[in-house]
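Visitor: Build the 3D model from these lines:
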Amino acid sequence: MKKITALILITVFIMSFGTFAHAQSGTSNGSGGNTSVEQRVGDVQQKIQAGQDVNSQFGPQVNCIRNNRNEISEMRGEAQEAYQIAVRHINQLRQNQDCLTEQQVEALRLCLQNLQQNRLQISETVGDIQTEGVKLRQARRQQNTQQMQECLENIAAVQQARIKILNDSIDEMNAILEI
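Guide: Alright, predicted model coming up:
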């Protein structure tokens, strides 16, 4: 019984080396196997270098977009605070309606209309940055630097428009406080 088991194990052992040698000879044609690995390494290094080149080319624009995003975030906080203060001021003015002149009422209406207009303008830009972000990722995958440039410019333009609208809104709310 032991002899049969030993013979089976030896046979399996010998056959496994035969398939291993056969598999190795099929992939290694002299130095062919080494060059394909070297070629792959070279391709990966080229892709890494291309990515670094793109990052250095568009780095300043990306930093500008990040700064704009931070500025918008801060301005939203300022606008929220100014809004709350303006609402309190309007409520105080409502309590003392007898003291309001027609000019003050008209100024309040104008400020509120301008704030509504600003809100509409901001709502029109919702989703624009996300859409451009999707286009930017597609352009990056396709290594289309021209389209990447356009997407970054469009994102920056939307951000600048939002910054202007937020500034206008904060100014309008501060004007309400002066009434």
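Visitor: So which elements touch the lengthiest helix in the chain?
Guide: Counting by DSSP state H, the longest helix found in the chain is helix 32-95. For helix 32-95, the contact count by 3 or more Cβ pairs under 8 Å, 6 or more residues apart in numbering; DSSP states H and E identifies helix 102-124, helix 145-178 as packing neighbours. Yep, even glycine has a C-beta here, placed from its N, CA and C like the rest.
Visitor: Which of those helices sits closest to Asp53?
Guide: Proximity to Asp53 (Cβ to Cβ) singles out helix 145-178 among the helices and strands packed on helix 32-95, at 9.3 Å.
Visitor: low-confidence ranges in this structure?
Guide: 1-3, 6-7, 9-35, 54 (pLDDT under 70).
Visitor: mind listing what's buried in stretch 157-173?
Guide: Residues Val158, Gln159, Arg162, Ile165, Leu166, Ser169, Ile170, Glu172, Met173 are the ones in stretch 157-173 that count as buried (16 or more other Cβ atoms under 10 Å).
Visitor: What separation is there between Cys64 and Ile163?
Guide: Counting by Cβ to Cβ, to the nearest Å, the gap from Cys64 to Ile163 is 12 Å.
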